[in-house]
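In: Give the three-dimensional model of this entry:
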Amino acid sequence: MRKIILTFSVFIFLSFSGTQAFSQNYSADKFTTSVQEDLHEVMMYPNPVLAHNFFVKSETGVITSVEVVNVIGQRVKKIVNQTGVPYSIFVQLPDTEKGIFFVRVTFDDEKSMIRKILVK
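Out: Numbers count the residues shown, from 1 in each chain. Sure thing, here's the model as predicted:
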């Protein structure tokens with residue numbers, strides 16, 4: 001069932017993006033594999049965040065920036081990594097902010113990924 005949904009989602013995306021519909025048949029396994037090869041691994045801890053401070057670490061890529069956005073899309077914090085530690089960034093959020101946040105981590109190869117954190 002999961003392969004069918006993923007294949008259908010890819011078909012819908014390609015149909016509405018102005019490209020020609022499938023000229024080749026793509027399986028969900030090929031699509032998933034190609035996406036996973038491009039991603040970096042990121043750890044964020046502690047999660048949930050209790051003291052408005054957390055670390056973002058990656059062992060597979062150099063972190064260039066970290067951006068924290070709330071659920072309505074407002075930027076809460078943006079940090080550009082100018083430290084001597086390219087694989088780790090310490091993030092300190094304002095004390096008034098609590099709830100669910102999205103963290104966008106950008107790497108030196110201009111790829112980025114988004115993860116969720118909970119701030120209590």
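In: low pLDDT regions in the chain?
Out: Across the chain, the ranges flagged by pLDDT under 70 are 1-38.
In: any chance you could map the helices in it?
Out: Using DSSP state H, the helices of the chain run over 2-16, 28-37.
In: beta partners of the closest residue to residue 102 other than its chain neighbours?
Out: The shortest distance from residue 102 to any non-neighbouring residue, by C-beta to C-beta, 6 or more residues apart in numbering, is to residue 69 (4.9 Å). Glycine gets a C-beta too; all of them are placed from N, C-alpha and C. With DSSP bridges applied, residue 69 shows beta-bridge pairing to residue 75, residue 102.
In: Residue 69 - how many residues pack around it?
Out: 16 (other C-beta atoms under 10 Å).
In: Pull the contacting residues for it.
Out: Contact analysis of residue 69 by C-beta atoms under 8 Å, 6 or more residues apart in numbering lists 75, 76, 101, 102, 103, 104.
In: Just the buried ones from these?
Out: Buried by 16 or more other C-beta atoms under 10 Å: 76, 101, 103, out of the contacts of residue 69.
In: For residue 82, see how far away residue 114 is.
Out: Look at residue 114 and residue 82: by C-beta to C-beta, to the nearest Å, they are 22 Å apart.
In: How much space separates the nearest residue to residue 52 once chain neighbours are set aside from residue 111?
Out: Spatially, and ignoring its direct neighbours in sequence, residue 52 is nearest to residue 93 (4.4 Å; C-beta to C-beta, 6+ apart). From residue 93 across to residue 111, the span is 24 Å (C-beta to C-beta).
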